[in-house]
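Trainee: pasting the structure only:
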């Protein structure tokens, strides 16, 4: 097989059209934003709304179980914050090492 790379003109054209071949900069996410994002998830909202209903009708045990479930789901969702933070740090480290 005969492989041919890009010519200088082709590479320059692609560079001008699409920019440099770099990892895109990610937006910074704060922990507070991640909490708000987790609380706005439909499953979290449903569980928290059900918790409020159970408090008003006096079923404390059911309230506790649902609240625990909601907190578990929110905690799992907040793990995305840690993944984003680690990715951002790894990207910075990689770019410095080049």
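Mentor: That came through fine. Note that the structure is predicted; figures quoted are calculated from it, not measured. Numbering: from 1, shown residues only.
Trainee: what does the helix or strand of the chain with the lowest mean pLDDT contact?
Mentor: Ranked by mean pLDDT, DSSP states H and E, the helix or strand of the chain with the weakest confidence is helix 31-39, at a mean of 80. Surrounding helix 31-39, the residues in contact under the criterion Cβ atoms under 8 Å, 6 or more residues apart in numbering are 44-45, 48, 73-74, 77-78, 80-81. No exception for glycine: its C-beta is placed from N, CA and C like everyone else's.
Trainee: cutoff 7 Å now
Mentor: Contacting residues not belonging to helix 31-39 are listed as 44, 74, 77-78, 80-81 [Cβ atoms under 7 Å, 6 or more residues apart in numbering].
Trainee: who touches the helix or strand that that helix is followed by?
Mentor: Later in the chain than helix 31-39, the nearest helix or strand by DSSP states H and E is helix 42-57. The contact list for helix 42-57 (Cβ under 7 Å, 6+ apart) reads 38, 62-63, 66-67, 69-70, 73-74.
Trainee: list the buried ones in helix 42-57?
Mentor: Within helix 42-57, the residues that count as buried by 16 or more other Cβ atoms under 10 Å are 44, 47-48, 50-51, 54.
Trainee: Output the contacting helices and strands for the next helix or strand after that helix.
Mentor: Note on helix 42-57: by DSSP H and E, the next helix or strand toward the C-terminus is helix 60-97. Packing partners of helix 60-97 (3 or more Cβ pairs under 7 Å, 6 or more residues apart in numbering; DSSP states H and E): helix 31-39, helix 42-57.
Trainee: coming back round to it: got the angle for the least confident helix or strand of the chain vs helix 42-57?
Mentor: 80 degrees (axes from the mean of the first three to the mean of the last three Cα atoms, to 10 degrees).
Trainee: where does the protein dip in pLDDT?
Mentor: 1, 23-29, 97-98 (pLDDT under 70).
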